[in-house]
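J.: Let's see this in three dimensions:
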Amino acid sequence: MSTGEENGELLSVPGDTIAGNWTAGAAESYTTPWPHPTSSSGDEMDVAAESARLKTAVPSVYLDQWVWVRLTRAAGGTPREPSDTRMLDAVRQAAEAGVVFPLSVTHYQETNRITHPRQRTDLARTMALISHCRTLCSERILLRDQFLEAMHLSFGKPAFGRTPPEPLGIGVGWALTGKRLQLQLHRSSCVVDLATLPELADGFRRATQYTEYQLLAGPQDEDMPHLRQLGYRPEKLEEGRQSRLDWETFFADLLAEDPISAAELRVRVQAREIIHEHLRLLTELCAEYRLNLQQATGVDPARPKASRRRISAFADLVPSVRVAVDVKAHRFRNAAKEWDLNTVHDIDAVSLAVPYCHAVVPDREIADLLGRSKAGPRNATHVLRGLRDLPDLLADLTRTAAASPHRVSDEDWVGQGEEFCMTMEDLQHHGTAPAGG
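T.: Reported below is the predicted structural model:
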């Protein structure tokens, strides 16, 4: 892959060349040549200091979809376990005290894959009431910052430190693009400046809440014909997801035919992750900062082993990439486990949540894989295997939130003591929607 040349010097990242050098040579050549957060004292826990720069300013807990389903059942009066009702109360109290329970793109994807409209709306209601539709920022924006920090530490480019992007925002727009969805009021062909109509500010705020809830719940069956006329094609999204699943199952089939050592497996998974998921972003950053990655990592086609250590060490300085690589490498070692879309989505989710949130509650398999790779301690993140320890952790995070000078500002989002707007009746009550819907 190439973005061009400048002054005769290649600024791009040629994927074939990098892949060849990455996967060539013996696995035991994988060591860290630069000062690395894990090598200064030989203790993985040292990385926590570097990871602290990524954490949300307020205590945050990422709940996997299965947890939200359990909370929804408890909210509906049919808890799976008697303790789930107490769990729901603990989560609500923590949210009211300032602990944030952010959603991610994965939550939107998995919720919209539910075929029963009532199940979707009930689930979205629980999510919206607790999370207020706060979301983790777009993966591309967060990964851009992580790659830049890795480039800075590894190659001195960029030559300056940066303030990380704000990981917490509002709504699906923030999760997809890093920009908050803004409703507009039109009169004739003009957009009305709401600053000139302060009496409408509260109604528009409530209307935005309602819109975010609807986007989380997904379209109703009766809405689909009109949405399709506008170009809505959910099957195209499924094709993209299936392609990513095929990418993992293809490699699993290769490993079944040609097993390799655990060390060699990790390096190959690392190469696949960068090249398949992040090569375009890395190429753009190298061009932007005039960095020749081949020269920086010592790529020499005649000596393919030489650059392998440097490339691997660089990738390990990107926290989300390292989480994904370690989880996938451990899972590939279990040949009896087949890959499915839920696993792909879960890995996407934890690769963002673990570096940025203070606690993560994934499903049991992912929690086990994160535990084997020590992703929790390395990122200063509590990774819970189940719900048993969640109430005590929430109590600790609530105390942290009370003592913290940081607060999530709700002045322009959800007012004090106000319930999230999720019905047309509520909009009509606030004068935002026309009578009769």
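J.: Need the pLDDT of residue 187.
T.: Residue 187 is assigned a pLDDT of 75 by the prediction.
J.: Tell me the pLDDT of residue 196.
T.: Model confidence at residue 196, given as pLDDT, is 72.
J.: burial measure for it, as a count.
T.: 7 (other C-beta atoms under 10 Å). (C-beta placed from N, C-alpha, C; glycine too.)
J.: Quick one: residues contacting it.
T.: By C-beta atoms under 8 Å, 6 or more residues apart in numbering, the contact list for residue 196 is empty.
J.: now it: how far from residue 185?
T.: Using C-beta to C-beta, to the nearest Å, residue 196 is found at 10 Å from residue 185.
J.: what ranges do the helices span in the stretch 201-350 of the chain?
T.: 201-217, 224-229, 234-257, 262-273, 279-288, 293-296, 308-316, 319-332, 341-356 (DSSP state H, counting those that start in this stretch).
J.: Just tell me which of these ends up closest to residue 382.
T.: helix 341-356 (10.0 Å; C-beta to C-beta).
J.: how about the closest residue to residue 372 other than its chain neighbours, what does it touch?
T.: The shortest distance from residue 372 to any non-neighbouring residue, by C-beta to C-beta, 6 or more residues apart in numbering, is to residue 330 (5.1 Å). Residue 330 sits next to 369, 372, 373 when contact means C-beta under 8 Å, 6+ apart.
J.: residue ranges of the strands in the stretch 101-250 of the chain, please?
T.: Secondary structure of the stretch 101-250 of the chain (DSSP state E, counting those that start in this stretch): strands located at 134-136, 168-170, 186-187, 190-191.
J.: packing partners for the last one?
T.: The one in question is strand 190-191. Helices and strands touching strand 190-191, by 3 or more C-beta pairs under 8 Å, 6 or more residues apart in numbering; DSSP states H and E: there are none.
J.: mind listing what it pairs with, with the direction of each?
T.: strand 186-187 (antiparallel) (DSSP bridges).
J.: Can you read off the pLDDT for the residue nearest to residue 372?
T.: Looking at residue 330, the pLDDT reads 97.
J.: next one: residue 433
T.: Predicted confidence (pLDDT) for residue 433: 51.
J.: how much space between the residue nearest the centre of the chain and residue 412?
T.: Centroid-nearest residue in the chain: residue 352, 3.5 Å away (criterion: C-alpha atoms, centre = their mean). Using C-beta to C-beta, residue 352 is found at 25 Å from residue 412.
J.: And for residue 388?
T.: Distance from residue 388 to residue 412, by C-beta to C-beta: 37 Å.
J.: related to what we said a few turns ago, tell me which of the strands of the stretch 101-250 of the chain sits nearest to residue 309.
T.: Using C-beta to C-beta, the strands of the stretch 101-250 of the chain put strand 134-136 closest to residue 309, at 32.0 Å.
J.: and the strands of the stretch 101-250 of the chain, which is most packed in?
T.: strand 134-136 (a mean of 25; mean count of other C-beta atoms under 10 Å).
J.: Mind giving me the packing neighbours of that one?
T.: So strand 134-136, by 3+ C-beta pairs under 8 Å, 6+ apart, packs with strand 168-170, helix 171-177, helix 341-356.
J.: between the last one and helix 262-273, how big is the angle?
T.: Which is helix 341-356. 90 degrees (axes from the mean of the first three to the mean of the last three C-alpha atoms, to 10 degrees).
J.: Could you check the angle helix 341-356 makes with helix 319-332?
T.: Using the same axes, to 10 degrees: helix 341-356 against helix 319-332 is 140 degrees.
J.: and the angle for helix 341-356 with helix 234-257?
T.: 90 degrees.
J.: So for helix 341-356, what gets flagged as buried?
T.: Neighbour counts over helix 341-356 (16 or more other C-beta atoms under 10 Å) mark 341-356 as buried.
J.: same deal with stretch 290-310?
T.: Buried, per 16+ other C-beta under 10 Å, within stretch 290-310: 291-294, 296-297, 299, 304, 306-310.
J.: do the same with stretch 227-247
T.: Result for stretch 227-247 [16+ other C-beta under 10 Å]: buried residues residue 245.
J.: Mind listing residues that contact it?
T.: 109, 112, 219, 224, 272, 276, 339, 340, 341, 344, 345.
J.: Please repeat the previous calculation with a cut-off of 10 Å.
T.: Contacts to stretch 227-247, defined as C-beta atoms under 10 Å, 6 or more residues apart in numbering, come from residues 109, 112-113, 218-220, 223-226, 272, 276-277, 339-345, 348.
J.: And the pLDDT for residue 428?
T.: 73.
J.: Residue 251 too?
T.: So residue 251 comes in at 95 (pLDDT).
J.: what number of residues lie near it?
T.: 18.
J.: ditto for residue 391
T.: Other residues close to residue 391 by other C-beta under 10 Å number 16.
J.: That one against residue 84, yeah?
T.: No: using C-beta atoms under 10 Å, residue 391 makes no contact with residue 84, being 11.4 Å away.
J.: what bits of this structure have low per-residue confidence?
T.: 1-50, 304, 306, 409-411, 430-437 (pLDDT under 70).
J.: Ramachandran coordinates for the closest residue to residue 248 other than its chain neighbours?
T.: Nearest residue to residue 248 in three dimensions, chain neighbours excluded: residue 339, at 4.6 Å (C-beta to C-beta, 6+ apart). Main-chain dihedrals, residue 339, degrees, to the nearest 10: phi -90, psi 150.
J.: any idea how far the residue nearest to residue 372 is from residue 365?
T.: Residue 330 is 10 Å from residue 365, by C-beta to C-beta.
J.: Looking at the contacts of residue 330, state which has the most neighbours.
T.: residue 369 (25 neighbours).
J.: what's the angle from the helix or strand encompassing that one to helix 341-356?
T.: Assigned by DSSP states H and E, residue 369 belongs to helix 364-372. Going by the same axes, to 10 degrees, helix 364-372 is angled at 40 degrees with respect to helix 341-356.
J.: And whichever helix or strand comes after helix 364-372, what does it pack against?
T.: Heading C-terminal from helix 364-372, the first helix or strand you meet, by DSSP H and E, is helix 375-378. Here helix 375-378 touches helix 47-51, helix 319-332, helix 341-356, strand 359-361, helix 364-372, strand 382-383, going by 3 or more C-beta pairs under 10 Å, 6 or more residues apart in numbering; DSSP states H and E.
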